[in-house]
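# here are the coordinates; sequence isn't available:
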């Protein structure tokens, strides 16, 4: 069974801190990966795609390590509004997207 | 506005009373999917559809049915709901052919007593 594993947290960090999440995936055939953000009781929304070379979007950096089959998300200068659950997602060729259970982040003033 | 809509948003029902949760998207997406989300278990896929008249089971299909008669609609049917189907349900859609972003509906909170 293809799975994506994440540390559930919660991660409680002060404003301005840098926080990193990792997730591992079991399907070596997965070619594409994503990070989604989900606010409490709301629908998940795409935060960013993860490219082989890594990618950055403002305070957010995503990286992929195919050899070790893990994906990371780094958030710099955390804001209160970053508090949410972050879902790691792997796509596996013909298989549907596989979602991790999510990592909960609380940014504290 | 590009969106996925679900109805109803909230539903309380009794065991055994058939219900349908509708899902509709206006983005001409081929792929549509239903998930349920429970505390500690994350998002689990119930059924998905690659196109009209093409549906397939996800991880937790038992107790659910779907149909895809039109590209824009993908209703979820619970023929005989049971309390263990109390959950938060999300419909999602995306383009096919590449790992495109999945757009989620706002969710349907179902309680079966």
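It's in. The model shown is predicted, which means the values in this text are computed figures rather than measured ones.

# my read: residue A:86 touches residue A:39, true?
No - with contact defined as CB atoms under 8 Å, residue A:86 and residue A:39 do not form a contacting pair (10.8 Å). Just so you know, the C-beta spots here come from the backbone N, C-alpha and C atoms, and that holds for glycine as well.

# Between these two, which is the more surrounded one?
Using other CB atoms under 10 Å in any protein chain shown as the criterion, residue A:86 and residue A:39 rank with residue A:86 on top: 25 against 12.

# Next, the contact list for that one, please.
Listed by CB atoms under 8 Å, 6 or more residues apart in numbering or on different chains, the contact set of residue A:86 reads A:21, A:35, A:36, A:37, A:38, A:47, A:73, A:102, A:103, A:105.

# Count residues in the vicinity of residue A:57, would you?
10.

# does it really touch residue A:50, like I thought?
No - between residue A:57 and residue A:50 there is no contact under CB under 8 Å: 11.0 Å.

# how much space between residue B:87 and residue B:36?
Applying CB to CB, to the nearest Å, the value for residue B:87 to residue B:36 is 4 Å.

# Ok, residue B:64 next?
9 Å.

# More neighbours: the two, which one.
Taking neighbours as other CB under 10 Å, residue B:64 and residue B:36 compare with residue B:36 leading, 23 against 20.

# Output the below-cut-off pLDDT ranges for the chain.
Chain wasn't specified; assuming chain A. Applying pLDDT under 70 to chain A flags residues A:1-2, A:92-96.

# um, chain B though
B:97-99.

# picking up where we left off before, so which of the contacts of residue A:86 comes closest to chain B?
Comparing those against chain B with CB to the nearest CB places residue A:102 closest, at 5.9 Å.

# ok, how many other residues are close to the closest one?
Residue A:102 has 24 nearby residues by other CB under 10 Å.

# and if you look at the one 5 residues further on?
Applying other CB under 10 Å, we find 20 other residues in the vicinity of residue A:107.

# Could you tell me whether it really is in a helix?
No - using DSSP: H, G, I helix; E, B strand; the rest coil, the secondary structure at residue A:107 is strand, not a helix.

# Quick check: bridge partners of it?
For residue A:107, the beta-bridge partners under DSSP bridges are residue A:13.

# hang on, isn't it packed against residue A:13?
Yes - assessed by CB under 8 Å, residue A:107 is found in contact with residue A:13 at 5.8 Å.

# Give the residues shared as contacts by these two.
residue A:78.

# which residue is nearest the middle of chain B?
With the centre of chain B defined as its mean C-alpha position, the nearest residue by CA atoms, centre = their mean is residue B:34, 2.9 Å away.

# Which residue is the nearest non-sequential neighbour of it?
Distances taken as CB to CB, 6 or more residues apart in numbering or on different chains put residue B:46 closest to residue B:34, at 4.3 Å, once the chain neighbours are dropped.
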